[in-house]
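> Build me a structure from this.
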Amino acid sequence: MTGTPTAAAGDDAFLTLRIIGGPGGSERLLLIGRPRDGQVRVREWTTDTLNSPGREYDVDAAVLAVSLDEAAASGSSLGAELYRVHLWLRGLPESGPGTTVSGRPGEH
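Model prediction:
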């Protein structure tokens with residue numbers, strides 16, 4: 001996975017986000033679904049769980065946005081611009097360089 005945003009139309013739409021922690025921090029990979037009723041479905045892997053199915057959970061899109069803002073402010077590197085992530089979490093169209101069309105994880 002490249003860590004660049006991945007967008008698709010339909011129910012299987014997701015955003016791929018790679019987060020590299022600051023000094024001594026671990027790496028995280030998130031697949032973030034489109035928001036529905038303010039919630040997003042997230043599948044998450046860490047450096048230690050890359051060979052597993054990942055942890056899946058629902059979270060409030062605004063809460064996730066604040067968490068990602070805090071991660072960036074603390075020195076974590078995000079594999080996408082925060083602006084693009086915020087557009088996604090608000091359910092707004094997102095396009096431009098680096099956007100890959102895909103319907104399911106692993107399809108490009």
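
> and Ile66, helix, strand or coil?
To be clear, residue 66 is Val; Ile isn't right here. Recorded secondary structure, Val66: helix (DSSP: H, G, I helix; E, B strand; the rest coil).

> That one: neighbour count?
A total of 11 residues lie near Val66 under the criterion other Cβ atoms under 10 Å. (Glycine included, C-beta is placed from N, CA and C.)

> tell me the pLDDT at it?
pLDDT recorded at Val66 is 96.

> so how far is Leu89 from it?
10 Å (Cβ to Cβ, to the nearest Å).

> again, but for Glu44
Taking Cβ to Cβ, one finds Glu44 at 15 Å from Leu89.

> tell me which residues in stretch 79-97 are buried?
Within stretch 79-97, the residues that count as buried by 16 or more other Cβ atoms under 10 Å are 79-80, 84-85, 87-89, 94.

> center of this protein - which residue?
Residue closest to the average C-alpha location in the chain (Cα atoms, centre = their mean): Leu17, at 3.5 Å.

> what about that residue, helix or strand, and which?
Leu17 belongs to strand 14-20 when assigned by DSSP states H and E.

> Please write out the alpha-carbon positions of that strand in CSV.
Extracted C-alpha coordinates of strand 14-20, given in CSV (Å, rounded to 0.1, in the frame of the first residue of the first chain):
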residue,chain,number,x,y,z
PHE,A,14,-12.5,3.9,1.3
LEU,A,15,-9.5,6.1,1.9
THR,A,16,-6.1,4.5,2.5
LEU,A,17,-4.1,6.5,5.1
ARG,A,18,-0.6,5.6,6.3
ILE,A,19,0.6,7.2,9.5
ILE,A,20,4.2,7.1,10.5
